[in-house]
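1. sequence below, structure please.
(chains A and B)
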Amino acid sequence: MRRKAITFTALGLILAGVVVAAALIGPGLSPSASLRTLGSAFSAAPAPADGWAIMAHRLTRLAAALCVGVALAMAGTSLQALLRNPLADPYILGIAAGGGFGAAVATALGLGGGAASFTAVNGLAFLGALVAVGAGLTVARAAGILSVHALLLAGVMVGAFFTSLILLVLAIVPARDQHAVFLWLMGDLGSPDITPLKVGFAAAAVGVCGFALVLFSRALDLVALGDEGAFHLGLGVERFKIFILVTASLATAAAVALAGPIGFVGIVVPHALRRIIGPRHLPLLFAAALGGAALVAMGDTLVKASADYFSLPIVPVGVFTALIGAPYFLVLLRWARS
Amino acid sequence: MIRAEDLRFSWPAGPAVRGVSLAVARGEMVAVVGPNGAGKSTLLRLLSGYLKPAGGRVVLNGRDIAAYGRRDVARLVSFVPQYSDVNLPYTVAELVALARYPHLGPFRQPGPADRAAAARAMAWAEVAALADRPVSQLSGGEFQRAVLARALAAEPDLILLDEPTTHLDLSHEARMFELLSLLNRERGLMVIAVLHDLNFAAAYFPRVVLMARGEVVADGPPAAVFTPEVLSSVYGCPITVAAVGGRRFIFPAVVGGNRRVRK
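-> Model (predicted):
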C-alpha cells in the first residue's frame, strides 16, 4: 500500500516537473522569456513579441507528447497482459509498420505538409495501422477462437510485410520525401503539422480507450491465468480478448497517426512499473499512463534542450526513447540473472 | 445438482468421452478414476462448461449449462486444474481475490464479504501465512494449495478438481482430502475429483466412478467398484486389493516381475 502511494507521488512529481520544463524549454523563446509570456496571461504585463505564437506551438507539442505517452503505455500494459508476454509492445501486431506505410504513401503522393496534411498523412497512417491489426486478427482467429500464439506470429508477419512495402515506397520516392518519411518513422513530435485540432482528436480517442481499459482492469487481471483459468473464473474470454485488442489498437493507432511510431515507451513503462507496484491492472494502468506521459514529454524536452543549448541537430524523440529503452532491458536482463 | 446426459466429445486424435451419463446430487462427494486416456479430465471440462459437447448435454440445477451466462456458472462451479500457470507475479492474496470476479463482475470493487470469503478460504487451505508471498516463489505444493484456496474463495456449490494432489506430499494430500470431506459434510459442498490414487479415493470418497476408454465402467461405493477383477481388467494388469484395519488398499501386483531391460 505504502509502496503504491510512494510510487504514485513520485510519478506525479516527475510528471509535474517534466511539464514545467517542457513549457519553458524550446526553440525560439528562452526559459525566462517563456516564464514572462506565461505570466502575462495572469497579469497586465505585456507579453514578449511573438511569445504567444511560440508558446502555443510548444504547448501543443507538449500535449501531443503526453497524449502519445498515455496511449502507448496503457496499450502496452494491456497487450502484455492479453498476450501473456512481458515483452509485448503496442507495435507487436504490426501497427507501426501499417501506420508507417500509410504515412509513406501519403508523403509519396505529395500530400505531406500544408493544410491537406491532416487528412493525408495522419489519416492514412491511422488507416494503415488499423488495416495491419485487422489483418492479423483475421488470420489468427479461426473457428471463433483467437489463439495468442497465432496472433503473435501473424502480427510479426504483417509487420514484416508492411515494412517491405515501406522500403518499396522509399526506394521510388525522391530524396526530399525520403527524409520526411524517415523522420516520421522514427517518431517525431517536432513537426509543424501537429496542430491543436489533431492533438484534440488523438486525445479524445486515447481518453475513451484508456477509460475503457481502466473499466475492465479487473477482467484484465484474470487473463494471466490463461484462457481456461480465466474462463473458469467467469470471463467470456474470446469476446474479451477481441475487445482489449481493438481498444488497445485504437489508442496505439491514434498515437502513431499523430506522431509516428515512438518506440519502447509501450514496453519499458509497463514492465518497469509492474516490477515496482505489482501486476494488478487498476493501479498499473494509472501508473503507466503517468509514467508514459512523463517519459515521452521528458524525452522530447531533452531533445529540444540538446538542440538549443549544445547546437546539436534536432533528433526525433523516438530515437531518444529507444536509446533509453534498449539499455534498460539489457541492464534488467543482466541484473535479474545475477 | 449436476447431471451429464449421454455426453460425447472428440479431440482431433480421436473420441475421448463416448456417451457418459452421470448424476451427482447436492452433498455428494465423487472420485472419478481410471487409466490414462480414459477421458476423465475431458469429462471434468465438459461438466464445467469449458468444452462444448459434440453430443448430449450438461444440466446444472435443472438448466442446460450452455444456457447460463459465464459468470452465473462460475458462481456455482469452481475448477482446480491439474496444472495452472500464472504468468504475472501475483501474491497469494491477490491470486485468491481473483475468485471473487464472478460475484463482482468487471465494475464492482471487492467489499467486506469478498475479503472475508478470501480470508476464510486461505485459512482452510492453510496458505494464510503465505498471503503476501509472490506465487512465483511458492513450492509446488504451496502453489497447489493456493489454487485450492482460490477455488474455495468463490464459495461454489460444486468444486471440480483435476488431480489436485499431484504436487502435494503425503501429509498435505491427506489434509486436502480431510478439508474437502469436512466442507462436503458441513456445508454441503459437492465435490467431483479426478484422481489417480485409488487408495485416497477409497479412503475419502463415498462414491467412485471408474472410467475406461471414454465410458463409465463402474459407479458406486469403493467396496463395490474396487474389486481385483474389475480393476485388473480396466487397468490391464493384475491388481491386488487388501483389507487392513477395515480399510482397502489397492496396488498393482507386478512388483518384482520378470521384465528385463534389453541389453
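2. got a pLDDT number for the closest residue to chain A within the stretch 101-250 of chain B?
-> Nearest residue of the stretch 101-250 of chain B to chain A, counting by C-beta to the nearest C-beta: residue B:102, 3.5 Å away. Glycine gets a C-beta too; all of them are placed from N, C-alpha and C. Residue B:102 carries a pLDDT score of 94 in this model.
3. what about it, which SS state?
-> helix (DSSP: H, G, I helix; E, B strand; the rest coil).
4. that one against residue B:77, yeah?
-> No - with contact defined as C-beta atoms under 8 Å, residue B:102 and residue B:77 do not form a contacting pair (9.5 Å).
5. that older thread, okay, now the residue of the stretch 101-250 of chain B closest to chain A: neighbour count?
-> Look at residue B:102: counted by other C-beta atoms under 10 Å in any protein chain shown, it has 24 neighbours.
6. tell me which element the residue lying closest to residue B:45 once chain neighbours are set aside falls in.
-> Nearest non-adjacent residue to residue B:45, counting by C-beta to C-beta, 6 or more residues apart in numbering or on different chains: residue B:51, 4.4 Å away. Using DSSP states H and E, residue B:51 sits within no helix or strand.
7. just give me the neighbour total for residue B:51.
-> 20.
8. which parts of the helix or strand where residue A:185 lies are buried?
-> Using DSSP H and E, residue A:185 sits within helix A:175-186. Neighbour counts using 16 or more other C-beta atoms under 10 Å in any protein chain shown place A:177, A:178, A:180, A:181, A:183, A:184, A:185, A:186 of helix A:175-186 among the buried residues.
9. can you redo the residues you listed as CSV with pLDDT and distance to chain B?
-> Below are these laid out as CSV (pLDDT from 0 to 100; distance: C-beta to the nearest C-beta, whole Å):
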residue, pLDDT, distance to chain B
A:177, 82, 44
A:178, 86, 42
A:180, 82, 41
A:181, 85, 38
A:183, 83, 37
A:184, 84, 35
A:185, 88, 32
A:186, 86, 32
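10. show me where pLDDT drops low in the stretch 51-200 of chain A?
-> The stretch 51-200 of chain A contains residues with pLDDT under 70 at A:112-119, A:143.
11. follow-up on the earlier one: can you tell me which helices and strands the helix holding residue A:185 packs against?
-> helix A:95-108, helix A:148-172 (3 or more C-beta pairs under 8 Å, 6 or more residues apart in numbering or on different chains; DSSP states H and E).
12. just give me how far it sits from the chain centre.
-> 19 Å (C-alpha atoms, centre = their mean, to the nearest Å).
13. that helix versus helix A:148-172: what angle between them?
-> Angle of helix A:175-186 versus helix A:148-172, following axes from the mean of the first three to the mean of the last three C-alpha atoms, to 10 degrees, is 160 degrees.
14. pull the CA atoms of helix A:175-186 into CSV?
-> Taking Å, rounded to 0.1, in the frame of the first residue of the first chain, the C-alpha atoms of helix A:175-186 are listed here in CSV:
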residue,chain,number,x,y,z
ALA,A,175,15.3,12.1,-51.7
ARG,A,176,13.4,15.0,-50.1
ASP,A,177,10.4,12.8,-49.4
GLN,A,178,12.7,10.0,-48.2
HIS,A,179,13.9,12.3,-45.4
ALA,A,180,10.3,13.2,-44.4
VAL,A,181,9.3,9.6,-44.3
PHE,A,182,12.4,8.6,-42.2
LEU,A,183,11.7,11.4,-39.7
TRP,A,184,8.1,10.2,-39.4
LEU,A,185,9.1,6.5,-39.0
MET,A,186,11.4,7.4,-36.1
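15. hmm, who's touching that helix?
-> A:100, A:103-104, A:107-108, A:110, A:112-113, A:121, A:166, A:169-170, A:173, A:191, A:260-261, A:316, A:318-319 (C-beta atoms under 8 Å, 6 or more residues apart in numbering or on different chains).
16. are any of the residues you listed buried, and which?
-> A:100, A:103-104, A:107-108, A:112, A:121, A:166, A:169-170, A:173, A:191, A:260-261, A:316, A:318.
17. picking that back up, farthest-apart pair in the buried residues of helix A:175-186, please.
-> Greatest spatial distance among the buried residues of helix A:175-186 (C-beta to C-beta): A:177 and A:186, at 15.2 Å.
18. show me what the helix or strand where residue A:231 lies packs onto, helices and strands only.
-> Using DSSP H and E, residue A:231 sits within helix A:226-232. On a contact count with 3+ C-beta pairs under 8 Å, 6+ apart, helix A:226-232 meets helix A:237-259, strand B:77-80.
19. gap between residue B:196 and residue B:165?
-> As for residue B:196, its distance to residue B:165 is 9 Å (criterion: C-beta to C-beta, to the nearest Å).
20. please enumerate the helices of the stretch 1-150 of chain A.
-> A:2-24, A:31-40, A:51-82, A:95-108, A:123-140, A:148-172 (DSSP state H, counting those that start in this stretch).
21. let me know which of these is the nearest to chain B.
-> helix A:51-82 (7.3 Å).
22. tell me what angle the closest one forms with helix A:148-172.
-> 140 degrees.
23. near chain B at all, helix A:51-82?
-> Yes - Helix A:51-82 lies within reach of chain B by C-beta under 8 Å from any C-beta of the partner chain, at residue A:81.
24. which of the residues in that helix are buried?
-> A:51, A:54-55, A:57-82.
25. what of stretch B:95-111?
-> B:95, B:96, B:97, B:98, B:99, B:100, B:101, B:102, B:103, B:104, B:106.
26. now swap in stretch B:12-25 and tell me
-> Buried residues in stretch B:12-25 (16+ other C-beta under 10 Å): B:16, B:17, B:18, B:20, B:22, B:24.
27. and for stretch B:193-212?
-> Applying 16+ other C-beta under 10 Å to stretch B:193-212 flags B:193-195, B:197-198, B:200-202, B:204-205, B:207-212 as buried.
28. for the residue of the stretch 101-250 of chain B closest to chain A, give me its contacts.
-> Here residue B:102 is in contact with A:233, A:234, B:70, B:71, B:72, B:74, B:75, B:154 (C-beta under 8 Å, 6+ apart).
29. quick one: which of those is nearest residue B:60?
-> Using C-beta to C-beta, the contacts of residue B:102 come closest to residue B:60 at residue B:72, 9.3 Å.
30. shaky segments in the stretch 201-338 of chain A?
-> Using pLDDT under 70, the flagged stretches of the stretch 201-338 of chain A are A:336-338.
31. neighbours of the residue of it found nearest chain B, how many?
-> The nearest approach of the stretch 201-338 of chain A to chain B comes at residue A:234, 3.2 Å away (C-beta to the nearest C-beta). Using other C-beta under 10 Å, residue A:234 has 25 neighbouring residues.
32. many thanks, I have nothing further to ask.
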